[in-house]
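J.: The following block contains a protein sequence and its predicted model.
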Amino acid sequence: MAPIHKWAVSVFLFSVVLVGVASIAAAPSIRPDEAGTARSSDHQDPAFFAPAGVADLTCGRCHNDYPLIIVNELGGPFTIDDCGGNQGSQCGGLFTDGYTPGRTYQMRAIISYPGMSSWGFDLWVIDQKGATAGTLIAQPNRTATHTRTQGGMTVGAVGDEGVRYRQNGRYDGPVGWRFAWRAPATDIGPVQFFAEGTAADRDRTPRGDYSYYLNGIVVNAASQGNSH
């Protein structure tokens, strides 16, 4: 048998390395599983970063490592209710019976996610034309009212207003904020509740966080019944 020259061995090893590099480059990126876990190498792949997919969002525009979580029903990890009265033990029937014109409902926004420790939300209510419906009322030192642009219109909103009222340091959740909504003075037909929320890991970057979008919970006037 002829002797194997050193240069031939070197060429062979170099070819093996090139094939390995090509295989790694061609391998599909690993997406987060249902539990929300992902490998750090995912963040080196531009395809990993998912757009918010909903116009005019503020949280999901930056906290977008993972696909936006769309919420179509109440009661999940990001939700709202009208049980803010009597220290959270009294519900007003807003989402079951409909709104009573002129009535004020004591409300809460609630969010949770395993492993997260920094939380925020924003909520707005609109009528069938996209204009502000009713009046949102902040709770001092808990929430703040402001305006936002939604669908090309300026609407009233309530939220944690940035870091000032953002809840930090509580792991997993749930955490919540209190505010109130005064229904329109007359029956204006169905209104819709929208909200967005963030469950963040508090690493001082928008990476590795989760964004939620509460997708227009419909509430009719009490006389018309209710639907979601």
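T.: Right, received. Where do you want to start?
J.: contacts, neighbours, all on C-alpha from now
T.: Fine.
J.: Helix or strand: which one has residue 95?
T.: Following DSSP states H and E, one finds residue 95 within helix 94-97.
J.: before we move on, what about residue 155?
T.: Residue-wise, residue 155 maps onto strand 153-159 under DSSP H and E.
J.: still on that earlier bit, mind listing what's buried along the helix holding residue 95?
T.: Within helix 94-97, the residues scored as buried using 16 or more other CA atoms under 10 Å are 94, 95, 97.
J.: Closest one to residue 196 out of these, please.
T.: Nearest to residue 196 among the buried residues of helix 94-97, counting by CA to CA, is residue 95 at 18.2 Å.
J.: pretty sure the closest one contacts residue 219?
T.: Yes: between residue 95 and residue 219 there is a contact at 6.4 Å, judged by CA atoms under 8 Å.
J.: what sits against residue 173?
T.: Residue 173 makes contact with 111, 112, 113, 114, 116, 117, according to CA atoms under 8 Å, 6 or more residues apart in numbering.
J.: and these, which are buried?
T.: Neighbour counting by 16+ other CA under 10 Å classes 111, 112, 113, 116, 117 among the contacts of residue 173 as buried.
J.: Dump these to JSON lines, plus pLDDT and secondary structure.
T.: Shown next, in JSON lines, are the buried ones among the contacts of residue 173 (pLDDT from 0 to 100; DSSP: H, G, I helix; E, B strand; the rest coil):
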{"residue": "111", "pLDDT": "96", "secondary structure": "strand"}
{"residue": "112", "pLDDT": "95", "secondary structure": "coil"}
{"residue": "113", "pLDDT": "94", "secondary structure": "coil"}
{"residue": "116", "pLDDT": "94", "secondary structure": "coil"}
{"residue": "117", "pLDDT": "94", "secondary structure": "coil"}
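J.: from the residues you listed, which single one is nearest residue 181?
T.: Nearest member of the buried ones among the contacts of residue 173 to residue 181, counting by CA to CA, is residue 111, at 18.9 Å.
J.: Identify all residues paired with that closest one through a beta bridge.
T.: Here residue 111 sits in beta bridges with residue 78, residue 175, going by DSSP bridges.
J.: quick one: it from residue 90, how far?
T.: Distance of residue 111 to residue 90, computed by CA to CA, to the nearest Å: 19 Å.
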